[in-house]
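K.L.:
heads up, no residue letters with this:
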């Protein structure tokens with residue numbers, strides 16, 4: 001009952017909706033949600049398709065989507081307005097860079113807060129990266145590319161190994 005009454009993953013899918021999210025049990029759903037963001041996104045896609053919410057989302061009918069996803073009181077929290085604002089923002093600036101987002105997550109886990117984890121290599125992210133590189137004697141870079149991500153991944157792997165020892 002507790003698993004079914006909680007919200008899971010990036011999409012905050014209620015556990016009672018495990019079947020709509022593509023799972024045989026709430027336990028399968030919570031295990032997948034804990035395993036990876038990819039599993040969370042797949043569950044959200046399954047949920048949207050099975051509940052018919054994919055259509056208003058594709059049509060940018062924010063009120064219909066918010067009503068179906070958040071319930072009849074969606075307007076109290078202005079979910080439809082917030083969805084439209086986020087859509088407009090990402091339409092103007094493009095989607096976040098997933099490599100930058102990964103770097104931001106690594107920096108966070110390594111103790112170098114990059115600010116908001118948003119996939120944008122802004123001042124806070126680049127400052128956190130520079131601090132990480134300086135502390136580890138790594139030649140600074142000004143872009144987040146594959147070699148930069150490899151440095152962060154190696155540092156995280158080493159930190160996990162040290163914590164496990």
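P.N.:
Right, received. Where do you want to start? Source: prediction; values computed, not measured.
K.L.:
center of the protein - which residue?
P.N.:
residue 10 (5.6 Å; Cα atoms, centre = their mean).
K.L.:
Just give the nearest non-adjacent residue to that one, would you?
P.N.:
In this structure, residue 10 finds its nearest non-sequential neighbour in residue 40, 4.7 Å apart by Cβ to Cβ, 6 or more residues apart in numbering. Heads up, the C-betas are built off the backbone N, CA and C, glycines and all.
K.L.:
Surely the residue nearest to the centre of the chain is within a helix?
P.N.:
No - judged by DSSP: H, G, I helix; E, B strand; the rest coil, residue 10 forms no part of a helix; its state is coil.
K.L.:
mind checking pLDDT for it?
P.N.:
Residue 10 carries a pLDDT value of 89.
K.L.:
do residue 40 as well
P.N.:
In this model, residue 40 is scored at 95, pLDDT.
K.L.:
quick one: contacts for it?
P.N.:
Residue 40 sits next to 8-11, 32-33 when contact means Cβ atoms under 8 Å, 6 or more residues apart in numbering.
K.L.:
Name only those of these that count as buried.
P.N.:
Listed as buried from the contacts of residue 40 are 8-9, 11, 32-33; burial here means 16 or more other Cβ atoms under 10 Å.
K.L.:
helix, strand or coil for the residue nearest to residue 10?
P.N.:
Per three-state DSSP, residue 40 ends up helix.
K.L.:
How about residue 142?
P.N.:
coil.
K.L.:
that older thread, got TSV for the contacts of residue 40, with distance to residue 66 too?
P.N.:
Converted to TSV, the contacts of residue 40 look like this (distance: Cβ to Cβ, whole Å):
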residue	distance to residue 66
8	20
9	18
10	17
11	14
32	25
33	22
